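>>> prediction below, plus the sequence it came from.
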Amino acid sequence: MAAPIIEFAGISKRYGGVRALRDVSFAVERGEVHALVGENGSGKSTLIRICGGVFPPDEGTLRFDGRPVSFATPLQARAAGISIVHQEIPVCPDLTAAQNVFLGRALPRRGPWVDWRELNRQAEALFARLGVDLRPTAFAGDLSVAQRQTVAIAHALSEDAKLLILDEPTSALNRQEAERLFEIVQGLKAHGVTIVYVSHRLDEVFGVADRISALRDGRYVGTVPRAEATPAAVVKMMVGRDVALLFPKSAPAAAVGETLLSVRGFSAPGRFADVSFDLRRGETLGLVGLQGSGTSEVLRALAGLPPHPTGEIRLAGEPIRPASAAAAIAHQIAYVPADRQGEGLFAPMSVRENATLLLLRKLATALGWVPTRALDEIVRGMVGRFQIRAPSAAAPVSSLSGGNQQKVVIARSLSTEPLVILLDDPTRGIDVGAKAEVHAILGKLTEQGCGVLLVSSELPEALAMSDRLLAMVGGRVVAELPGGADEETVMGLVTAAGAAA
Ligand SMILES: Nc1ncnc2c1ncn2[C@@H]1O[C@H](COP(=O)(O)OP(=O)(O)OP(=O)(O)O)[C@@H](O)[C@H]1O
Ligand SMILES: [Mg+2]
């Protein structure tokens, strides 16, 4: 048998006092799609960073293509044939989408000059292959999280890789967009490329993987062939116990009350147009649509962020016009942004500072001093409620795993006793256990009379959590559906109508 394409032998890695990986040994066979699963903070991204030459392991060896390797830089790993889509989406905001795709690679040339037209053409072809309508000349800084993720994937695909590693590549993509990626993954596999795939979405893992390996607390648990595994068994490998996989809420809210938020003729040129709806107390209203359909933009606008739209917003009957994030919060509107890295967190600041940011004014004494002890009390509550895994309240939030950073943003947004809760893909990147926890917390908040406006890239989640759904295409609401609607109907509405429009 040919040597494995990559082999981990006794890999350990610490970050200061945190043991992220402990004696991890397993192999990825040539030509397979190998899924890597594990709870938030279990060490998946750390293992991938070692493969990618971001840093070396403290102990153990990495063998690639039959030989022991130690990559000193990401460029060396890439030169050896390892291409990675990292979990945190690194795009240069001041470069265009196409320039980001070709970053660090040979540019198409015409004589001594870069052939920009050819570069844009090639990038456009890659986006088309990924099934997204993305302008190659758009500045990356203006793109949504989902669009930036597409650019990162295109960047990785455009290389002659022997091993392609995808760390939660579809976390911001919806089902249809993800399926396009899987077709491409299967195509690459057919050409002999090996793929390592990290995801918290078990349906995807079971859809694409030949074999599945799990990490728990930085330790390797085991590898199972997909054909012999069940989702429940894989979750048990990850968590170490049985976990309910279903969404807790599947029936419409029993006690939907009076209108809480009323939106009329909401328009922002180029983003969305003439959006009108009512959100009632106790209700969860889902906004569904593909990339660029305007769902996220509607939430942003209600959260007081630019561009400020025209139209009317009434909160409990009173007209309001939130012109800033602070104004929206003062109106008891909470917002969980999709871009938690960019808009949600201040990386160098501590978990404590990030988590309690919105409470400082309320907690401050007359002298403007906030007792650390009170803050730590609150952080402890959040950590327990959302199962946030952090070494301490004083640790920089950037030292948390991707999923745990997400939980900090959600906990902070919900800390302000909101009436209206705007959620943009709240459970993206969060492991199964914590996801169920977030759903349960939302269930409690709606029982207490909050109204929830939910955008989710995971359609099953939107369908299970919402009492009603609005389908959006090209910035307009095209249909309203009951919460029990089936996936095919909704997909049909957001895609076919899109083609017609
Ligand atoms: N830069 C860092 N400094 C300190 N600790 C870190 C750093 N990056 C990660 N860690 C810690 O290492 C552990 C493993 O993190 P890692 O990012 O590998 O997890 P993960 O499995 O990718 O999780 P997720 O599913 O949330 O992305 C976590 O406990 C995390 O807090
Ligand atoms: Mg990770």
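In hand now; what should we look at? Ligands and ions are numbered 1, 2, ... in the order given.
>>> state the helix or strand in which I165 lies.
Using DSSP states H and E, I165 maps to strand 163-167.
>>> any residue of that strand touching ligand 1?
No. Judged by Cβ under 6 Å from any ligand atom, strand 163-167 makes no contact with ligand 1; its nearest approach is 7.2 Å. In this view, the C-beta of every residue, glycine as well, is placed from N, C-alpha and C.
>>> chain center to stretch 419-431: distance?
Relative to its chain's centre, stretch 419-431 lies at 10 Å (Cα atoms, centre = their mean, to the nearest Å).
>>> quick check: buried residues in it?
Neighbour-count burial for stretch 419-431 flags 419-431 (criterion: 16 or more other Cβ atoms under 10 Å).
>>> and those residues, which of them are in strands?
Of these, the ones assigned to strands by DSSP state E are V420, I421, L422, L423, D424.
>>> where does the stretch 51-200 of the chain dip in pLDDT?
The stretch 51-200 of the chain contains residues with pLDDT under 70 at 158-159.
>>> residues contacting F8?
F8 makes contact with V24, S25, F26, A27, L47, G60, L62, Y220 under the criterion Cβ atoms under 8 Å, 6 or more residues apart in numbering.
>>> hmm, I typed the wrong one, I wanted R412.
Going by Cβ under 8 Å, 6+ apart, the list of residues near R412 reads N354, A355, T356, L357, L358, M382.
>>> give me phi/psi at the closest residue to the last one other than its chain neighbours?
Spelled out, it's M382. Computed as Cβ to Cβ, 6 or more residues apart in numbering, the closest residue to M382 that is not its neighbour in sequence is A411, at 4.0 Å. When quoted as degrees, to the nearest 10, the phi and psi of A411 stand at phi -60, psi -40.
>>> now the closest residue to ligand 2 within the stretch 51-200 of the chain: how far from ligand 1?
Here the stretch 51-200 of the chain gets closest to ligand 2 at one residue, Q87, 4.6 Å apart by Cβ to the ion. Distance from Q87 to ligand 1, counting by Cβ to the nearest ligand atom, to the nearest Å: 6 Å.
>>> wait, isn't that residue in contact with D167?
Yes. Between Q87 and D167 there is a contact under Cβ atoms under 8 Å: 4.1 Å.
>>> which neighbours do those two have in common?
Common contact partners of Q87 and D167 (Cβ under 8 Å, 6+ apart): S45, V198.
>>> ok so, going back, got the contact list for the strand holding I165?
In this structure, residues lying in contact with strand 163-167 by Cβ under 8 Å, 6+ apart are 5-6, 28, 44-45, 48, 51-52, 64, 81-87, 153, 156-157, 185, 188, 193-198.
>>> secondary structure element for the residue of the chain found nearest ligand 1?
With Cβ to the nearest ligand atom as the measure, G403 is the residue of the chain nearest to ligand 1, at 2.7 Å. Assigned by DSSP H and E, G403 falls within helix 402-413.
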